[in-house]
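S.K.: Got a predicted model here, sequence first, then my questions.
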Amino acid sequence: MSEARRTLHSQRVALVRLPLTTSVTTVGCRLIWTGDLQPGPLSNTYTVRMTYKVGRTPRVIVLRPLLRAQDVEELPHVYAGDEMCLHYPKQWSDRDMITETILPWVSEWLLHFEFYKIDGKWHGGGHEPAVAHQ
């Protein structure tokens, strides 16, 4: 028996409870979350925004600091608009909790980004996404 889709409300409640959350709003049928992530004890703190609509994959961007302003000409593993590429197609579903999947993947992406800034290589696996979001 497959698990049912997580409701927008259940995702919102879980996100509100996180200490790293700075805001969670619902606009129509879309959830907008903002929070501060520090992927490692010596890492920068990143303010990220995630937008989510049930039935769609959450989309995540870094608001601060500007990633391209950190001596990075070409951002690795991003879609158009510098949206993070966090997983393979169909690896995430709306049966999953964002707090248990997307946000840990964001933190991992940020840690790999910090290593990328050091040696110019992406060590996070995966593959470079197509320019358009699937």
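M.R.: Structure received. Note that the structure is a prediction, hence the values are computed from the model and not measured.

S.K.: for the longest helix along the chain, packing partners?
M.R.: What stands out as the longest helix in the chain, according to DSSP state H, is helix 102-119. Where contact means 3 or more C-beta pairs under 8 Å, 6 or more residues apart in numbering; DSSP states H and E, helix 102-119 is packed against strand 30-37, strand 46-53, strand 59-64. C-beta here means a position set from N, CA and C on the backbone, and glycine is covered the same way.

S.K.: can you redo these as a markdown table with mean neighbour count and mean pLDDT?
M.R.: Below are the helices and strands packed on helix 102-119 laid out as a markdown table (neighbours: other C-beta atoms under 10 Å; pLDDT from 0 to 100):
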| stretch | mean neighbour count | mean pLDDT |
| --- | --- | --- |
| strand 30-37 | 18 | 98 |
| strand 46-53 | 19 | 97 |
| strand 59-64 | 17 | 97 |
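
S.K.: and residue 94, which of those strands is closest to it?
M.R.: Nearest of the helices and strands packed on helix 102-119 to residue 94, taken as C-beta to C-beta: strand 46-53 at 8.7 Å.

S.K.: Distance from that closest one to the middle of the chain?
M.R.: 6 Å (C-alpha atoms, centre = their mean, to the nearest Å).

S.K.: pretty sure residue 37 is touching residue 106, no?
M.R.: Yes. The criterion here is C-beta atoms under 8 Å, and residue 37 meets it with residue 106 at 6.2 Å.

S.K.: Common neighbours of these two, please.
M.R.: Common neighbours of residue 37 and residue 106 (criterion: C-beta atoms under 8 Å, 6 or more residues apart in numbering): residue 48.

S.K.: circling back: now the angle between strand 59-64 and the longest helix of the chain, please.
M.R.: Helix 102-119 runs at 50 degrees relative to strand 59-64, counting by axes from the mean of the first three to the mean of the last three C-alpha atoms, to 10 degrees.

S.K.: Could I get the pLDDT score of residue 102?
M.R.: We have a pLDDT of 97 for residue 102.

S.K.: ok, now residue 11?
M.R.: For residue 11, pLDDT reads 96.
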